[in-house]
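A.B. asks: mind folding the following:
(one chain, ligands or ions: 1)
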Amino acid sequence: MLLVNEVEALRGYVKGWRQSDEKVAFVPTMGNLHAGHLDLVEAARQHADRTVVSIFVNPMQFGEGEDFDAYPRTLEEDRAKLQEVGVDLLFAPAAKTIYPSGTGQQTRVEVPDISDILCGATRPGHFVGVATIVCKLFNMVQPDIAVFGEKDYQQLMVIRHMVNDLAIPIEILGKATVREPDGLAMSSRNGYLDAGERKQAPALYRLLRETAAAINSGAKDYAGLERQALKDLEAAGFRPDYFVIRTADNLQAPREKGETLVILAAAYLGTTRLIDNLIAA
Ligand code: PAF
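C.D. replies: Numbering: from 1, shown residues only. Next up is the predicted model:
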């Protein structure tokens, strides 16, 4: 596996592959890789001849007081894992390669509306940071296809909208969330949970499942279901941020019969913010 830190070298390798008519898939990450990331890599490998993974803890998507400094940086372990699963190139740029003039001077990509709700309301500027880095990485790597986890459902929607609005010629593939045996969605942030919180954590997915089951059995009082789930989350020891039932493709409140719905939740256990979602249909 090639380890590349600079854009010029990255482009050189990708250009060579393209000249040999090889299809390139890309998996952007912030590292601290777990089985969920490796599942994305596997999907990338199945859809292309060459796989590029990036590891970059993007300062622009962290707000003030968030965990940018504490975010786990495990490059050597990550590198070994990626090598083992057959990744062709790991792009691990320094911050000055990505933001030579700092994040303040960076041209920004903003996907309107969808960036400002749910996680975007609690974390102002987060999705501008995500859209900007993903757009920039897309331009650096120039893949044919890019793979993202559905665990970050709103992020996936923001990226799909961005690619559509900016006519970026990259196919976006969403992959189902990989879960621990007790149902907790895999996330680098699960490592922040202490033993007691780790035991409480699967309640988030349990409540998503219960709400999905109610909807699938014909419940239509979505506001009532949301209120009940918020209460149940508190009873399970969480400090809920949101628990909502939305239309799956634009995250707006459901309006029409027959729409595919997604249930999205974010809640704190101690200082750790967990997110999860489930399609109800
Ligand atoms: O999902 C993530 O790990 C990050 O938000 C991403 C897409 C790599 C952008 O920094």
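A.B. asks: tell me how far stretch 234-251 is from the chain's mean position?
C.D. replies: Mean-position distance between stretch 234-251 and its chain equals 17 Å (C-alpha atoms, centre = their mean, to the nearest Å).
A.B. asks: ditto for stretch 154-171
C.D. replies: 13 Å.
A.B. asks: got the CA coordinates for it in PDB?
C.D. replies: The C-alpha trace of stretch 154-171 is given here as PDB (Å, rounded to 0.1, in the frame of the first residue of the first chain):
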ATOM      1  CA  GLN A 154     -27.400  13.600   7.500                       C
ATOM      2  CA  GLN A 155     -23.800  13.900   6.300                       C
ATOM      3  CA  LEU A 156     -24.600  11.400   3.500                       C
ATOM      4  CA  MET A 157     -27.600  13.600   2.500                       C
ATOM      5  CA  VAL A 158     -25.400  16.800   2.600                       C
ATOM      6  CA  ILE A 159     -22.800  15.100   0.300                       C
ATOM      7  CA  ARG A 160     -25.500  13.700  -2.100                       C
ATOM      8  CA  HIS A 161     -27.000  17.200  -2.400                       C
ATOM      9  CA  MET A 162     -23.500  18.800  -2.900                       C
ATOM     10  CA  VAL A 163     -22.500  16.400  -5.600                       C
ATOM     11  CA  ASN A 164     -25.900  17.000  -7.300                       C
ATOM     12  CA  ASP A 165     -25.800  20.800  -7.000                       C
ATOM     13  CA  LEU A 166     -22.200  21.200  -8.100                       C
ATOM     14  CA  ALA A 167     -22.400  18.500 -10.800                       C
ATOM     15  CA  ILE A 168     -19.500  16.600  -9.400                       C
ATOM     16  CA  PRO A 169     -19.000  13.500 -11.500                       C
ATOM     17  CA  ILE A 170     -18.600  11.000  -8.600                       C
ATOM     18  CA  GLU A 171     -21.100   8.300  -7.800                       C
END
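A.B. asks: give me the residues contacting that stretch.
C.D. replies: 26, 109, 111, 114-115, 117-120, 127, 130-131, 134-135, 138, 143-146, 148-150, 172, 174, 249-251, 264 (C-beta atoms under 8 Å, 6 or more residues apart in numbering). No exception for glycine: its C-beta is placed from N, CA and C like everyone else's.
A.B. asks: of the residues you listed, which ones also sit close to the ligand?
C.D. replies: Counting by C-beta under 6 Å from any ligand atom, Val130, Val134 from the contacts of stretch 154-171 sit close to the ligand.
A.B. asks: for the residue of the stretch 151-281 of the chain found nearest the ligand, what are its contacts?
C.D. replies: Nearest residue of the stretch 151-281 of the chain to the ligand, counting by C-beta to the nearest ligand atom: Asp152, 5.1 Å away. Residues near Asp152 by C-beta under 8 Å, 6+ apart: Ile275.
A.B. asks: angles on the backbone of it, please.
C.D. replies: Asp152 adopts backbone torsions of phi -90, psi 70, taken as degrees, to the nearest 10.
A.B. asks: try the one 3 residues further on
C.D. replies: In terms of degrees, to the nearest 10, the main-chain angles of Gln155 are phi -60, psi -40.
A.B. asks: likewise Val262?
C.D. replies: Here Val262 shows phi and psi, under degrees, to the nearest 10, equal to phi -130, psi 140.
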